[in-house]
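[1] Structural data only, the sequence is not supplied:
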């Protein structure tokens, strides 16, 4: 069998050692800075002369010794050349760094390293990159790749002694651990800058602990840094650099499997995070970029493999376990655990029972060795933070995509976000949402759903923002159907709650909350199913399964990053954004009437009212965005040759017209229902700004270069069947300037809207130099500086000016007349530009 070897691209970023290193340290066998003279090294001493009877010794992956304030590693010869993953987290943060969003549990670095013997009695630490791959060790390409991808030596250590059995090298790691290096601590100066950290202060930094376990070594150190200046934000100038920040950092050195997990090639039709490399052998006439799906190593016990392959459910050799941070408020622990365990039924689809388990973290009495920072433990980490968020990162083996561990970030103030979401989207149908402090059981269910979502990310799953678009809109009002199936087939969609449901539908919580759905079960099956006892993929068989699954619309994956596909949107529901948003607005219209009552809190002012009024307007704005994306929509459905149909399709013209009609009725005809003067007088806002803030973003997107260019390209592709740019401009003018046909008075809201339209139209006709080039159609560049969009805009301005002039003479309202004259002057000034 041909030897396979992953070869790595040259890694930049050698470790920087303390300039205060002394000759005494060198004689003791400390790390030698890169570039130092070989003469600085010394001959190894006898083992007993270095590791004296004063040593406090721990045996594990490396045997470690602490002698006074020095730390030594014994590197076994058997581990030389083995890949070791270094994961660094903040184990204790500082209030001084809160503004930089630096919290306990945050991962700040990840590297793959190797120790190897060097000349002159040295041990080298190499930083390893897995970006280049040549699998055939007998080929000339293999030798070429190897010669051109030597790994960077990040640090050098003098060998202080050999073990008595001559099977391990003893090195002094004290200086290296104390230094501000990019292997054990922050990944780069830029990473420190993001955390507002400057130079390490050596006199206020020290090692707190080194622990050795069977599969990893954990290094803890207190690091004090000068604080860097706060960056300029929101127009405010940068702050002055002053003071210091102290953190405790923990680096876990985890031994990677000697034999990597069998990888699974990424498929764009299924939503997985990836690792990848450049393969020099896969393409006989070039190179090929290879992407591997990130997954946990889930395998049947050897004695159960036959049962598994027969279709019987079996327990995996090593289940996925998530512990709950001991700092978590006790009342929320069970809900976080339920969010983990909700994925068990998905793994049953892949043939495993009890594959994923949520547990409370053991107490020190139960397991004194358990640590939240230990890389062997996956944890939902509870953070005392005002951040309204949670996130599910994971650390994986770059050779195979095997997920090794995860620390889910759970920020305390996410409860406020959950309360706001549930209130605005369901208060008209669920009376439990109509207050500022939700009942504990309701908040617990909200926590459970977010827990399940973030756990899904740690299983390798990306967002599936297209999932909700597969559900017919009227099914969301069908009590029996939606309670049985859920309002979206994927927990990984951003489809928070069923805002389409109406009070008369009498839909319960089962039909309002997201859940692990049909798509999630399919994607876990795709990622984790084993097809044969050798665990080697049959790509034809796997592709055939994906092709078969594509016939079920509920198993469709719509990426989270497609700017053009109206099916792939966050926070939306159903296969028709216009109908769904109409139902959503109907609920908002009921909620706004009750906002003052439902937001009351004794002995407080109107902050709750202002927040919820802002949230309500934000939800209305989302509905406008969902509809807007249909204009010029370009749908993308990845396929292989075995599947019929095109990958790219334009949104049908009828649906684009439906979207324009919706925007006319719900947005451009002033949505006065959202204005309550009594509410504005309590929140300090004014009606004109409120309406402008709703209309202007949609207007900007509609008249943006990307939308207009896509309309032009759509007409070129679909001919008379397309929704043309001329149709678009006609619909916009009929909506925004309807008063020109009736000669009726134009109120202040509409005057403001018409001014905004003309300003944006002028900007299209005469773009600023920086706006002359746009990007559209999945990142393909398109020039609009000399394109038809500019010509259409100029023609539209001329035609509109003629109509304005004609209407001005017949306009009886003086304010409307002055407004029209001003618009005409503005247009003529623009048209006179050379």
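    Nice, I can see it. Just so it is clear, the structure is predicted and the values come from calculations on it, not from any experiment.
[2] Tell me which residues touch residue 184, please.
    By C-beta atoms under 8 Å, 6 or more residues apart in numbering, the residues touching residue 184 are 86, 88, 109, 176, 177, 219, 221, 249, 251. C-beta: built from backbone N, CA, C; applies to glycine.
[3] Let me see the confidence value for it.
    Note on residue 184: pLDDT of 96.
[4] measure it to residue 725 for me?
    57 Å (C-beta to C-beta, to the nearest Å).
[5] thinking again about what came up before, dump the contacts of residue 184 to CSV, plus secondary structure and pLDDT.
    CSV is the format used below for these (DSSP: H, G, I helix; E, B strand; the rest coil; pLDDT from 0 to 100):
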residue, secondary structure, pLDDT
86, strand, 94
88, strand, 91
109, strand, 90
176, helix, 97
177, helix, 97
219, strand, 95
221, strand, 96
249, strand, 94
251, strand, 94
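[6] What are the contacting residues of stretch 753-760?
    Under C-beta under 8 Å, 6+ apart, the answer for stretch 753-760 is 668, 670, 692, 695-696, 699-700, 703, 732, 736-737, 746, 797, 800, 819, 822-823, 826-827.
[7] so of those, which ones are in helices?
    Filtering the contacts of stretch 753-760 for membership in helices, criterion DSSP state H, returns 692, 695-696, 699-700, 732, 736, 797, 800, 819, 822-823, 826-827.
[8] which of those count as buried?
    692, 695, 699, 732, 736, 797, 800, 819, 823, 826, 827 (16 or more other C-beta atoms under 10 Å).
[9] The second one contacts residue 668, correct?
    Read it as residue 695. Yes. With contact defined as C-beta atoms under 8 Å, residue 695 reaches residue 668; the gap is 6.9 Å.
[10] List the buried residues for the strand or helix carrying residue 618?
    Here residue 618 sits within helix 607-628, counting by DSSP states H and E. In terms of neighbour count (16+ other C-beta under 10 Å), helix 607-628 has its buried residues at 608-613, 615-617, 619-628.
[11] counting contacts, what elements does that helix pack onto?
    helix 414-426, helix 577-598, helix 653-663, helix 677-683, helix 687-702 (3 or more C-beta pairs under 8 Å, 6 or more residues apart in numbering; DSSP states H and E).
[12] Figure out how far it is from the centre of its chain.
    Mean-position distance between helix 607-628 and its chain equals 23 Å (C-alpha atoms, centre = their mean, to the nearest Å).
[13] quick one: average confidence on it?
    97.
[14] hmm, who's touching whichever helix or strand comes after that helix?
    Per DSSP H and E, helix 607-628 leads on to strand 634-636 as the next helix or strand towards the C-terminus. Residues outside strand 634-636 that contact it (C-beta under 8 Å, 6+ apart): 559, 562, 564-567, 647-651, 710, 714, 777-778.
[15] who does strand 634-636 pair up with?
    strand 648-650 (antiparallel) (DSSP bridges).
[16] from the middle of its chain, how far away would the partner strand be?
    Counting by C-alpha atoms, centre = their mean, strand 648-650 comes out at 27 Å from the chain centroid.
[17] How about stretch 714-729?
    35 Å.
[18] likewise stretch 460-480?
    20 Å.
[19] and the closest residue to residue 272 other than its chain neighbours, backbone torsions?
    Nearest residue to residue 272 in three dimensions, chain neighbours excluded: residue 293, at 3.9 Å (C-beta to C-beta, 6 or more residues apart in numbering). The phi and psi values for residue 293, taken as degrees, to the nearest 10, are phi -70, psi 140.
[20] per-residue confidence for residue 293?
    97.
[21] Quickly list what it is bridged to.
    residue 274.
[22] Next, work out how far apart it and residue 637 are.
    Counting by C-beta to C-beta, the gap from residue 293 to residue 637 is 20 Å.
[23] out of these two, which sits in the more crowded spot?
    Per other C-beta atoms under 10 Å, whichever of residue 293 and residue 637 has more neighbours is residue 293, with 25 against 18.
[24] Would you format the helices and strands packed on helix 607-628 as TSV with mean pLDDT included?
    Listed next are the helices and strands packed on helix 607-628 as TSV, based on pLDDT from 0 to 100:
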stretch	mean pLDDT
helix 414-426	97
helix 577-598	98
helix 653-663	98
helix 677-683	93
helix 687-702	97
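[25] Which among the ones you listed is found nearest to residue 555?
    helix 577-598 (21.1 Å; C-beta to C-beta).
[26] and that closest one, which residues are buried?
    Applying 16+ other C-beta under 10 Å to helix 577-598 flags 577-585, 587-588, 591-592, 595-596, 598 as buried.
[27] Just to check, residue 537 is in contact with residue 265?
    Yes. Using C-beta under 8 Å, residue 537 is in contact with residue 265, at 7.2 Å.
[28] And the pLDDT at residue 462?
    At residue 462, pLDDT is 96.
[29] Nearest residue to it in space, please, no chain neighbours.
    residue 271 (4.2 Å).
[30] what about that neighbour, neighbour count?
    For residue 271, using other C-beta under 10 Å, the count is 29.
[31] contacting residues around it?
    Contacts of residue 271 (C-beta under 8 Å, 6+ apart): 461, 462, 463, 464, 492, 523, 557, 559.
[32] hang on, the third one is in a helix, isn't it?
    No. Under DSSP: H, G, I helix; E, B strand; the rest coil, residue 463 sits outside any helix and is assigned coil.
[33] quick one: contacts for it?
    Applying C-beta under 8 Å, 6+ apart to residue 463 gives the contacts 271, 492, 493, 494, 559, 560, 570.
[34] cool, the second one as well?
    If you count contacts by C-beta under 8 Å, 6+ apart, residue 462 has them with 271, 272, 273, 492, 559, 560.
[35] gap between it and residue 394?
    12 Å.
[36] joint contacts of the two?
    Overlap of the contact sets of residue 462 and residue 394 (by C-beta under 8 Å, 6+ apart) consists of residue 273.
[37] coming back round to it: quick one: the residue nearest to residue 272 from residue 440, how far?
    Residue 293 is 38 Å from residue 440, by C-beta to C-beta.
[38] just the buried ones among the ones in helices among the contacts of stretch 753-760 now: which is nearest residue 200?
    residue 692 (49.4 Å).
[39] Surely the closest one touches residue 748?
    No. Counting by C-beta under 8 Å, residue 692 stays clear of residue 748, with 10.6 Å between them.
[40] just to revisit the earlier point, which one of the contacts of residue 463 has the most neighbours?
    residue 493 (31 neighbours).
[41] And that residue, what's its pLDDT?
    With respect to pLDDT, residue 493 scores 96.
[42] Could you find the closest non-adjacent residue to it?
    residue 467 (4.3 Å).
[43] Give me the neighbour count for the one you found.
    Residue 467 has 30 nearby residues by other C-beta under 10 Å.
[44] so what's it up against?
    Residue 467 touches 488, 489, 490, 492, 493, 495, 517, 519, 554, 556, 557, 558, counting by C-beta under 8 Å, 6+ apart.
[45] Now the last one: phi and psi?
    So that's residue 558. The phi/psi pair for residue 558 (degrees, to the nearest 10) is phi -110, psi 120.
[46] how about it, what does it touch?
    464, 465, 466, 467, 469, 565, 567, 568.
[47] where does the stretch 1-150 of the chain dip in pLDDT?
    1-41, 96, 98-101, 133-148 (pLDDT under 70).
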